[in-house]
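curious how this folds, go ahead:
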Amino acid sequence: MSLVSGRAVRTAAVLLPAAVAAAHIGPAATWLPGVRLPLFPGLAGTGPGRHIALTFDDGPDPASTPRFLEALDELGVRATFFVLGEQAVRHPALVRETVRRGHELGVHGWTHDRPWWPAFARDAEEVARTVRAVHGLTGHRPRWYRPPYGILTTSRWLAARRAGLRTVLWSAWGRDWTADATAASVRARVAADLRGGGTVLLHDSDRHAAPGCWRATLAALPPVVLDCREAGWTVGPLRDHGTVPVPVHCGAPAPAGLVGE
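A predicted model of the protein is given here:
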């Protein structure tokens, strides 16, 4: 092997993994509101202007989720709960009760890990496994996917597509996972970003957040709903948000971009 060809091989050995990693993590830029909201409104959960989609992540959690179910009943509101597969199979009765009360379930992954390295086979299996668990427990097949931490990677996006799920992040959140979150701060943070047709991200569990932070979210829930209603918006789950997900069967080719997703 010549000196030139040897250098070329070594350069390729360095650049190829970097290119693969960049392609894998590139979609994570949609976590940024300045990228997601104007360029990928479907991914941001933008729907009809008179409706707000209310969503919760990280459950089910027997310590907190039942309190949210009671509060939502009192408010006359239904929501979409993005559940973790490992939690769903640990608390099957709570999963069934959530659906019995009229709420919708989405897939938040099997575990709540950070997807820094490509893992196409693992991501595909874990998303599909969660779909099977939810379907088996409730008789309803989930239609939505939101990756843990809102970090969308190529492999997780493809995993959701192959499972027939539509990926939805959010357009407003309450930053309710922090130790200093209060009912007032959660309400104000949601209000700062919320517009008609938006999707709100909150959490019904503190398993992957500051201990007890869900109490601030629970206390903020009535005023958040009140703010929406006073603005003339209805509040409900993603299934009522005016966008029907189009299932993509396993093995179907993925589109070239995320526009419209």
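
ok, now which ones touch the residue nearest to the spatial centre of the chain?
By Cα atoms, centre = their mean, the chain has its centre lying nearest to residue 146, at 2.4 Å. With contacts defined as Cβ atoms under 8 Å, 6 or more residues apart in numbering, residue 146 is in contact with 55, 57, 82, 106, 107, 108, 167, 168, 169, 170. For every residue, glycine as well, the C-beta is placed using N, CA and C.

spatially nearest residue to it (excluding sequence neighbours)?
Take residue 146 and drop its neighbours on the chain: the residue closest to it by Cβ to Cβ, 6 or more residues apart in numbering is residue 82, 4.7 Å away.

for the one you found, what are its contacts?
55, 56, 57, 58, 105, 106, 107, 108, 144, 145, 146.

so can I have JSON lines of those showing secondary structure?
Below are the contacts of residue 82 laid out as JSON lines (DSSP: H, G, I helix; E, B strand; the rest coil):
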{"residue": "55", "secondary structure": "strand"}
{"residue": "56", "secondary structure": "strand"}
{"residue": "57", "secondary structure": "strand"}
{"residue": "58", "secondary structure": "coil"}
{"residue": "105", "secondary structure": "strand"}
{"residue": "106", "secondary structure": "strand"}
{"residue": "107", "secondary structure": "strand"}
{"residue": "108", "secondary structure": "coil"}
{"residue": "144", "secondary structure": "strand"}
{"residue": "145", "secondary structure": "strand"}
{"residue": "146", "secondary structure": "coil"}
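
from the residues you listed, which is closest to residue 162?
Of all the contacts of residue 82, residue 145 has the smallest distance to residue 162: 10.8 Å, by Cβ to Cβ.

doesn't residue 164 make contact with that closest one?
No: under the criterion of Cβ atoms under 8 Å, residue 145 makes no contact with residue 164, lying 9.6 Å away.

more crowded one of these two?
A count of neighbours by other Cβ atoms under 10 Å puts residue 145 above the other of residue 145 and residue 164, at 27 against 19.

and the helices in the stretch 1-150 of the chain?
3-25, 33-39, 65-75, 85-90, 92-100, 120-138 (DSSP state H, counting those that start in this stretch).

and those helices, which one is worst for confidence?
Across these, helix 3-25 has the smallest mean pLDDT, namely a mean of 46.

in which helix or strand would I find residue 201?
Taking DSSP states H and E as the definition, residue 201 sits inside strand 199-203.

point out the other helices and strands that that strand packs with.
In terms of contacts (3 or more Cβ pairs under 8 Å, 6 or more residues apart in numbering; DSSP states H and E), strand 199-203 is packed against strand 51-57, strand 172-173, helix 183-193, helix 214-230.

sheet-wise, list the partners of it with their directions.
Strands that pair with strand 199-203, judged by DSSP bridges, come out as strand 51-57 (parallel), strand 172-173 (parallel).

related to what we said a few turns ago, report the beta-bridge partners for the residue nearest to residue 146.
Beta bridges link residue 82 to residue 57, residue 106 when assigned by DSSP bridges.
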